[in-house]
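Enquirer: Output the structure for:
(one chain, ligands or ions: 2)
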Amino acid sequence: MVVVSVPAEVTVILLDIEGTTTPIAFVKDTLFPYIKENVKEYLQTHWDEEECQQDVSLLRKQAEEDAHLDGAVPIPVASGNAGDDLQQMIQAVVDNVYWQMSHDRKTTALKQLQGHMWKAAFTAGRMKAEFFADVVPAVRRWREAGMKVYIYSSGSVEAQKLLFGHSTEGDILELIDGHFDTKIGHKVESESYRKIADSIGCSTSNILFLTDVTLEASAAEEADVHVAVVVRPGNAGLTDDEKTYYNLITSFSELYLPST
Ligand SMILES: CSCCC(=O)C(=O)COP(=O)(O)O
Ligand SMILES: [Mg+2]
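Expert: Ligands and ions are numbered 1, 2, ... in the order given. All right, here's what the predicted structure looks like:
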């Protein structure tokens, strides 16, 4: 087994979710299809609720920013023609969500709506989040060794808490010291990692970020964060240069903490 040593200055482990703690297949085959199958009915049922209206406003704003993109779907504002208008608007939101999802967009607007939709499924016990078998034992070990463990995912903080609160391993939310999503900035921008360090109250060099996406690893590294790239079944392949450049792990058990 290859072992990657965690630098002594590291006190915080920052984890990506999809492709790192959780199989991409769970996201692509369970979480995302749930959205596609239920978004229209969800909008019809919850349309008048404040939370749903906030989600629609955010999606409309995002659609305005995306107007220049090929195939982008605008979301009209109400013109006052009650019934027809509402159905047209709901259909536009559905089309917009489908279009964003077909490009695996990580916009805050899309992720916020998805989080709200998953809530019902997780809390009713209809869905349980999957974690790779090495994740929970490793996180427990790190915490026993005095490490803090945080999540940074494109999935909304609300969605992250649903996953950790309703997993096949039970409620493991208490193992996580805090959560970050794209509200702090996108994962491919180095500034996001500086803001995360500020928010935790540590230096960027005290953080080790584990992710499957090299663009994210590169942004974190530019901010002086330590990184290791996680190679899991179903993840996108890496180039030879990436394989040579980055510390690679296939399981969290391959990380060696000097203090353990
Ligand atoms: C709460 S994560 C749900 C999956 C998701 O929507 C997503 O975008 C995951 O992205 P990540 O940054 O964890 O790779
Ligand atoms: Mg990922």
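
Enquirer: From now on I want contacts and neighbour counts done on CA atoms only, so please keep to that.
Expert: OK.

Enquirer: Which residue, neighbours along the chain excluded, lies closest to Gln112?
Expert: Excluding its sequence neighbours, the residue lying closest to Gln112 (CA to CA, 6 or more residues apart in numbering) is Ser156, at 5.8 Å.

Enquirer: any low-confidence regions in the stretch 151-260 of the chain?
Expert: The model of the stretch 151-260 of the chain has pLDDT under 70 over residues 259-260.

Enquirer: residue of it with the smallest distance to ligand 2?
Expert: Asp212 (5.2 Å; CA to the ion).

Enquirer: all strands of the protein, in order?
Expert: Assigned by DSSP state E, the chain shows strands spanning 4-5, 12-15, 148-152, 178-180, 207-211, 226-230, 248-249, 255-256.

Enquirer: residues making contact with the third one?
Expert: Right, the one you point to is strand 148-152. With contact meaning CA atoms under 8 Å, 6 or more residues apart in numbering, strand 148-152 is reached by 11-17, 139, 142-143, 175-181.

Enquirer: Quick one: name the residues of the stretch 101-250 of the chain near ligand 1.
Expert: With CA under 6 Å from any ligand atom as the criterion, the stretch 101-250 of the chain meets ligand 1 at residues Lys106, Ser153, Ser154, Gly155, Ser156, Ala159, Gln160.

Enquirer: Tell me who's in contact with the fifth one.
Expert: Ser156 makes contact with Thr108, Lys111, Gln112, Gly115, Phe180, Asp181, Thr182 under the criterion CA under 8 Å, 6+ apart.

Enquirer: Reformat those residues as JSON lines; add neighbour count.
Expert: Conversion of these to JSON lines gives the following (neighbours: other CA atoms under 10 Å):
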{"residue": "Thr108", "neighbour count": "21"}
{"residue": "Lys111", "neighbour count": "22"}
{"residue": "Gln112", "neighbour count": "23"}
{"residue": "Gly115", "neighbour count": "21"}
{"residue": "Phe180", "neighbour count": "23"}
{"residue": "Asp181", "neighbour count": "23"}
{"residue": "Thr182", "neighbour count": "19"}
